[in-house]
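Q: Sharing a sequence plus its predicted fold:
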Amino acid sequence: MLKIDWIWGTAPPGTALAELRRTKGLTQAQLASRVGCSRPTLIALERAFTGCVATLLRVLAILGIRRPLRITNVRQGRSLAPAHDLVMTPPDLAATIIAHFANRVHGRVLDPARGGGGFFDRFSNYLERDWCELADGRNFLEWRAPVN
(Lines give C-alpha, C1' and ligand atoms only; values in the text may rest on other atoms or scores of the structure.)
Protein backbone atom coordinates (compact mmCIF):
# COMPACT_ATOMS: atom_id res chain seq x y z
CA MET A 1 0.00 0.00 0.00
CA LEU A 2 1.23 3.46 -0.86
CA LYS A 3 1.08 5.89 2.04
CA ILE A 4 0.98 9.62 1.40
CA ASP A 5 1.43 12.19 4.16
CA TRP A 6 0.42 15.82 4.17
CA ILE A 7 3.54 17.83 4.99
CA TRP A 8 2.20 21.36 5.11
CA GLY A 9 1.55 22.19 8.78
CA THR A 10 0.26 19.95 11.53
CA ALA A 11 -3.49 20.45 11.11
CA PRO A 12 -5.53 17.90 9.15
CA PRO A 13 -5.31 18.63 5.40
CA GLY A 14 -8.84 20.04 4.96
CA THR A 15 -8.50 22.25 8.03
CA ALA A 16 -5.09 23.46 6.86
CA LEU A 17 -6.52 24.35 3.45
CA ALA A 18 -9.38 26.32 5.05
CA GLU A 19 -6.96 28.18 7.33
CA LEU A 20 -4.64 29.03 4.46
CA ARG A 21 -7.57 30.17 2.30
CA ARG A 22 -8.67 32.54 5.08
CA THR A 23 -5.14 33.91 5.57
CA LYS A 24 -5.04 34.67 1.83
CA GLY A 25 -8.28 36.66 2.31
CA LEU A 26 -10.39 34.39 0.12
CA THR A 27 -13.92 33.22 0.77
CA GLN A 28 -14.98 29.71 -0.22
CA ALA A 29 -17.00 31.20 -3.08
CA GLN A 30 -14.02 33.22 -4.36
CA LEU A 31 -11.64 30.25 -4.23
CA ALA A 32 -14.20 27.96 -5.86
CA SER A 33 -14.62 30.47 -8.67
CA ARG A 34 -10.87 30.71 -9.23
CA VAL A 35 -10.51 26.91 -9.13
CA GLY A 36 -13.45 26.37 -11.46
CA CYS A 37 -15.47 24.20 -9.09
CA SER A 38 -18.63 24.64 -7.04
CA ARG A 39 -18.64 25.93 -3.48
CA PRO A 40 -20.02 22.57 -2.20
CA THR A 41 -17.01 20.86 -3.81
CA LEU A 42 -14.67 23.19 -1.94
CA ILE A 43 -16.62 22.68 1.29
CA ALA A 44 -16.23 18.88 0.95
CA LEU A 45 -12.50 19.34 0.39
CA GLU A 46 -12.09 21.52 3.47
CA ARG A 47 -14.38 19.53 5.80
CA ALA A 48 -13.62 15.93 4.87
CA PHE A 49 -10.66 16.25 2.48
CA THR A 50 -12.71 14.50 -0.21
CA GLY A 51 -12.92 15.29 -3.90
CA CYS A 52 -10.90 14.76 -7.03
CA VAL A 53 -7.14 15.12 -7.25
CA ALA A 54 -7.34 17.64 -10.12
CA THR A 55 -9.43 20.00 -7.97
CA LEU A 56 -7.05 19.58 -5.03
CA LEU A 57 -4.07 20.40 -7.24
CA ARG A 58 -5.75 23.57 -8.56
CA VAL A 59 -6.59 24.66 -4.98
CA LEU A 60 -3.02 24.02 -3.87
CA ALA A 61 -1.58 25.99 -6.78
CA ILE A 62 -3.84 28.98 -6.10
CA LEU A 63 -2.98 28.87 -2.39
CA GLY A 64 0.73 28.73 -3.22
CA ILE A 65 1.47 25.23 -1.88
CA ARG A 66 4.01 23.65 -4.19
CA ARG A 67 4.90 20.28 -2.60
CA PRO A 68 2.14 19.34 -0.14
CA LEU A 69 2.46 15.56 -0.33
CA ARG A 70 5.25 13.06 0.11
CA ILE A 71 5.46 9.31 -0.19
CA THR A 72 6.63 7.93 3.14
CA ASN A 73 6.82 4.15 2.81
CA VAL A 74 9.05 3.61 -0.22
CA ARG A 75 12.69 2.78 0.46
CA GLN A 76 15.31 4.66 -1.50
CA GLY A 77 15.71 3.26 -5.01
CA ARG A 78 12.60 1.05 -4.90
CA SER A 79 9.87 1.25 -7.51
CA LEU A 80 6.29 2.13 -6.64
CA ALA A 81 5.05 -0.58 -9.03
CA PRO A 82 4.30 -4.01 -7.58
CA ALA A 83 6.50 -6.98 -8.43
CA HIS A 84 6.54 -7.68 -12.18
CA ASP A 85 4.35 -4.58 -12.73
CA LEU A 86 1.20 -6.69 -12.28
CA VAL A 87 -1.70 -4.49 -11.25
CA MET A 88 -5.08 -6.23 -11.23
CA THR A 89 -8.29 -4.26 -11.58
CA PRO A 90 -10.35 -4.67 -8.40
CA PRO A 91 -13.47 -6.79 -9.15
CA ASP A 92 -15.90 -4.08 -8.00
CA LEU A 93 -14.28 -1.53 -10.32
CA ALA A 94 -14.36 -3.97 -13.24
CA ALA A 95 -18.08 -4.62 -12.60
CA THR A 96 -18.78 -0.87 -12.53
CA ILE A 97 -16.94 -0.29 -15.81
CA ILE A 98 -18.70 -3.21 -17.52
CA ALA A 99 -22.10 -2.00 -16.26
CA HIS A 100 -21.39 1.49 -17.65
CA PHE A 101 -20.78 0.16 -21.17
CA ALA A 102 -23.19 -2.82 -21.05
CA ASN A 103 -25.75 -1.33 -23.44
CA ARG A 104 -23.05 -0.76 -26.09
CA VAL A 105 -21.27 -4.12 -25.90
CA HIS A 106 -22.40 -6.93 -28.17
CA GLY A 107 -21.05 -9.84 -30.18
CA ARG A 108 -17.50 -10.89 -29.43
CA VAL A 109 -15.40 -9.27 -26.70
CA LEU A 110 -11.75 -9.75 -25.83
CA ASP A 111 -10.08 -9.23 -22.49
CA PRO A 112 -6.52 -8.39 -23.64
CA ALA A 113 -4.95 -9.12 -20.23
CA ARG A 114 -7.21 -11.47 -18.25
CA GLY A 115 -5.04 -11.66 -15.16
CA GLY A 116 -7.28 -12.72 -12.29
CA GLY A 117 -10.42 -12.42 -14.41
CA GLY A 118 -11.67 -9.10 -13.02
CA PHE A 119 -13.26 -8.22 -16.36
CA PHE A 120 -13.49 -11.57 -18.16
CA ASP A 121 -15.43 -13.29 -15.35
CA ARG A 122 -17.98 -10.46 -15.34
CA PHE A 123 -18.74 -10.22 -19.05
CA SER A 124 -22.36 -11.17 -19.74
CA ASN A 125 -23.08 -14.73 -20.86
CA TYR A 126 -24.82 -13.46 -24.02
CA LEU A 127 -21.43 -12.25 -25.29
CA GLU A 128 -18.93 -14.40 -27.14
CA ARG A 129 -16.00 -13.99 -24.75
CA ASP A 130 -12.31 -14.56 -25.29
CA TRP A 131 -9.13 -13.56 -23.52
CA CYS A 132 -5.39 -13.14 -23.73
CA GLU A 133 -2.88 -13.44 -20.92
CA LEU A 134 0.84 -13.44 -21.62
CA ALA A 135 1.55 -15.53 -18.51
CA ASP A 136 -0.74 -18.23 -19.94
CA GLY A 137 0.83 -18.15 -23.42
CA ARG A 138 -1.86 -16.07 -25.12
CA ASN A 139 -0.18 -12.88 -26.32
CA PHE A 140 -2.56 -9.98 -27.10
CA LEU A 141 -0.12 -8.65 -29.69
CA GLU A 142 -0.55 -11.89 -31.64
CA TRP A 143 -4.39 -11.87 -31.54
CA ARG A 144 -5.87 -11.85 -35.03
CA ALA A 145 -9.58 -12.69 -34.67
CA PRO A 146 -11.97 -9.72 -35.00
CA VAL A 147 -13.92 -8.45 -31.98
CA ASN A 148 -16.76 -5.92 -31.78
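A: Sure, I can see it. Numbering: from 1, shown residues only.
Q: which residues of this structure fall in strands?
A: 4-6, 69-71, 108-111, 128-131 (DSSP state E).
Q: contact partners of the third one?
A: In this case it means strand 108-111. 119-120, 123, 127-132, 143, 145-148 (CB atoms under 8 Å, 6 or more residues apart in numbering). In short, each C-beta sits where N, CA and C put it, glycine included.
Q: Apart from its neighbours in sequence, what residue is nearest residue 143?
A: Computed as CB to CB, 6 or more residues apart in numbering, the closest residue to residue 143 that is not its neighbour in sequence is residue 132, at 5.8 Å.
Q: any weak-confidence spans in the protein?
A: For the chain, applying pLDDT under 70 flags the ranges 1-10, 67-86.
Q: Now do the domain split for it, please.
A: 4-71, 88-142 (automatic domain parsing).
Q: and those as CSV, adding mean neighbour count?
A: Shown next, in CSV, are the domains of the chain (neighbours: other CB atoms under 10 Å):
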stretch, mean neighbour count
domain 4-71, 15
domain 88-142, 14
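Q: Name the nearest residue to residue 109, ignoring sequence neighbours.
A: residue 127 (5.1 Å).
Q: Quick check: that neighbour vs residue 105, distance?
A: To residue 105, residue 127 is 7 Å away according to CB to CB, to the nearest Å.
Q: What of residue 116?
A: Following CB to CB, the distance that separates residue 116 from residue 105 is 20 Å.
Q: Now tell me what touches stretch 52-60 from outside.
A: Counting by CB under 8 Å, 6+ apart, 17, 31, 35, 36, 37, 41, 42, 45, 66, 68 sit against stretch 52-60.
Q: will you turn those residues into JSON lines that also has distance to residue 51?
A: Formatted as JSON lines, these follow (distance: CB to CB, whole Å):
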{"residue": "17", "distance to residue 51": "11"}
{"residue": "31", "distance to residue 51": "13"}
{"residue": "35", "distance to residue 51": "10"}
{"residue": "36", "distance to residue 51": "13"}
{"residue": "37", "distance to residue 51": "8"}
{"residue": "41", "distance to residue 51": "6"}
{"residue": "42", "distance to residue 51": "8"}
{"residue": "45", "distance to residue 51": "5"}
{"residue": "66", "distance to residue 51": "20"}
{"residue": "68", "distance to residue 51": "14"}
